[in-house]
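Visitor: Fold the following, please.
(one chain, ligands or ions: 1)
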Amino acid sequence: MKAAQALAALEEMLEAARQQVHALRERVARLEAENKALRAQLGLGEDLVAKENLAQIYADGFHICPGQYGRRRNIHEDCLFCQGLLRKAE
Ligand SMILES: [Zn+2]
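Guide: Numbers count the residues shown, from 1 in each chain. As a prediction, this is how the structure comes out:
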């Protein structure tokens, strides 16, 4: 009996979590569409957005160069390969 109750409670929790994930997915989709529309209004093309994203990733302390993409970099030293990419993207 106890196991059955625990299982029922677990199922309820899972269902609640499933609904939350579903709501979050919808919210993300709405926000992405809104973000895209706002960027279009501002005249920011996809290219510029991609360049901004790369620059931000680099600024956050990660490599964007093909050899080490996504790896943490030493924030106190610039990576010449990353820098070259950023310059080329300008
Ligand atoms: Zn790099």
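Visitor: Name the spans of this structure whose pLDDT lies under the cut-off.
Guide: The model of the chain has pLDDT under 70 over residues 1, 44-45, 89-90.
Visitor: Enumerate the residues of it near the ion.
Guide: 63, 65, 68, 79, 81-82 (CB under 5 Å from the ion). For glycine as for every other residue, the C-beta is placed from the backbone atoms N, C-alpha and C.
Visitor: Which one (most neighbours) among those?
Guide: Among those, C82 has the most neighbours (other CB atoms under 10 Å), with 22 neighbours.
Visitor: Now do the contacts for that one.
Guide: 58, 63-65, 73 (CB atoms under 8 Å, 6 or more residues apart in numbering).
Visitor: isn't there a helix covering it?
Guide: Yes. Assessed with DSSP: H, G, I helix; E, B strand; the rest coil, C82 lies in a helix.
Visitor: returning to what we had before: just send the contacts of C82 back as a markdown table, with secondary structure and distance to L7 too.
Guide: Output for those, formatted as a markdown table (DSSP: H, G, I helix; E, B strand; the rest coil; distance: CB to CB, whole Å):
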| residue | secondary structure | distance to L7 |
| --- | --- | --- |
| Y58 | helix | 49 |
| H63 | coil | 47 |
| I64 | coil | 48 |
| C65 | coil | 51 |
| R73 | coil | 48 |
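Visitor: May I see those organised as a markdown table, with distance to L31 added?
Guide: A markdown table is the format used below for those (distance: CB to CB, whole Å):
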| residue | distance to L31 |
| --- | --- |
| Y58 | 24 |
| H63 | 28 |
| I64 | 25 |
| C65 | 30 |
| R73 | 29 |
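Visitor: State which helix of the chain is the longest.
Guide: The residue-count maximum for a helix in the chain (DSSP state H) belongs to helix 2-42.
Visitor: Which other helices and strands does that one contact?
Guide: Helices and strands touching helix 2-42, by 3 or more CB pairs under 8 Å, 6 or more residues apart in numbering; DSSP states H and E: there are none.
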